[in-house]
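J.: Build me a structure from this.
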Amino acid sequence: MNISVVIPLLNEQDSLIELNDWIRKVMRSHNFSYEVIFIDDGSTDDSWKIISKLSTNDKDVKGIRFVKNFGKSQALHAGFNKAEGAVVITMDADLQDNPDEIPELYNMIVNEGFDLVSGWKKKRYDAVLSKNLPSKLFNWAARKTSGVKLNDFNCGLKAYKLEVVKNIDVNGEMHRYIPVLSKNAGFTNIGEKVVQHQARKYGQTKFGMNRFVHGFLDLITIWFISRFGKRPMHLFGALGFIMFAIGFGFSGYLGVDKLFFNPDGRLISQRPEFFIALATMIIGTQFFVAGFLGEIILRTKSNKKRYLIKDELNFK
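T.: Numbers count the residues shown, from 1 in each chain. Now for the predicted structure:
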């Protein structure tokens, strides 16, 4: 199979038929063997009914339905787990991503050797203050923190080698950072393609301004995990050592001063240096404990299922 198209969605009943027809037209015009995997992330409209009808009429259309809304990352994880195409394409279901981009994305993976190609919506049809400017700030921070030189991390239109999606763990709200996850997994040949962004035709966006706050918090998380996820004691132990060094330094100073230079002065417990020494050693101890707990959790963690699937369509 050439291509798997993975499409997470939430309440997109108006766009599904048009999107599927568009994808089918592109695939058949280029003689691609393909599958379209719709992941219904707990929709409350008729999205699943439409997906069921599409899958009945077309064996290339497959569906996964969650029990409730678990989030886009979990939907992508479920789709990646089922995908079989040599190239996996992700896109949103709101018709803002253009299926006509698929052949070139496929070519960049197969013939140009990229592990991952991310779309770049250079010209956007979103609100400037609520989406465009925050998005630019977010992308700048992501570039600086991760070292991945992309202009648009959050574009839903991306292409991957199959082995990439099978070897990354997309969870929480980490779908924004799939290129970073891929880089951390060893897939470093990451490209970018300017893609056409279209104005939303149906419905309303499911994301508000709070997604940027969550995005920056997730950025800090992924920075920590990428550097210290397998060795938390290296970070917390180093911080603990620094705190202890400061504490012992002040303690040594107080002891030497009291014994040799100012034996008749104030009690050690009445001097500010005493409290600095005490506080830094307590903080150092807490850092060491945090490191030990991190190591214990890392070695005893279990892979708890992050979503529940209610129905599946057209899967073997």
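J.: use CA for all of it now, contacts and neighbours both
T.: OK.
J.: Show me the strands in the stretch 151-300 of the chain, by range?
T.: For the stretch 151-300 of the chain, the strands defined by DSSP state E, counting those that start in this stretch occupy 158-161, 190-194.
J.: so what's residue 167 up against?
T.: By C-alpha atoms under 8 Å, 6 or more residues apart in numbering, the contact set of residue 167 is residue 185.
J.: same thing with residue 221?
T.: Counting by C-alpha under 8 Å, 6+ apart, there are no residues that residue 221 touches.
J.: and residue 135, what element?
T.: helix 133-146 (DSSP states H and E).
J.: which parts of that helix are buried?
T.: Residues of helix 133-146 classed as buried by neighbour count (16 or more other C-alpha atoms under 10 Å): 134-135, 138-140, 142-143, 146.
J.: and that helix, what other elements does it pack with?
T.: The helices and strands touching helix 133-146, judged by 3 or more C-alpha pairs under 8 Å, 6 or more residues apart in numbering; DSSP states H and E, are helix 210-228.
J.: The helix it packs on - what's its average pLDDT?
T.: The pLDDT scores in helix 210-228 average 68.
J.: now swap in stretch 258-276 and tell me
T.: 84.
J.: and what of stretch 309-316?
T.: Rounded mean pLDDT across stretch 309-316 is 88.
J.: Likewise for stretch 25-33?
T.: Stretch 25-33 comes out with an average pLDDT of 97.
J.: Give me the distance between the two termini of it.
T.: Stretch 25-33 has an end-to-end distance of 12 Å (criterion: C-alpha to C-alpha, to the nearest Å).
J.: Which of the strands of the stretch 151-300 of the chain has the highest mean neighbour count?
T.: strand 158-161 (a mean of 27; mean count of other C-alpha atoms under 10 Å).
J.: who does that one pair up with?
T.: Next to strand 158-161 in the sheet, as set by DSSP bridges, lie strand 87-90 (antiparallel), strand 116-120 (antiparallel).
J.: elements contacting the next helix or strand after the first one?
T.: Okay, so that is strand 87-90. Using DSSP H and E, the helix or strand that directly follows strand 87-90 along the chain is helix 102-110. In terms of contacts (3+ C-alpha pairs under 8 Å, 6+ apart), helix 102-110 is packed against strand 87-90, strand 116-120, strand 158-161.
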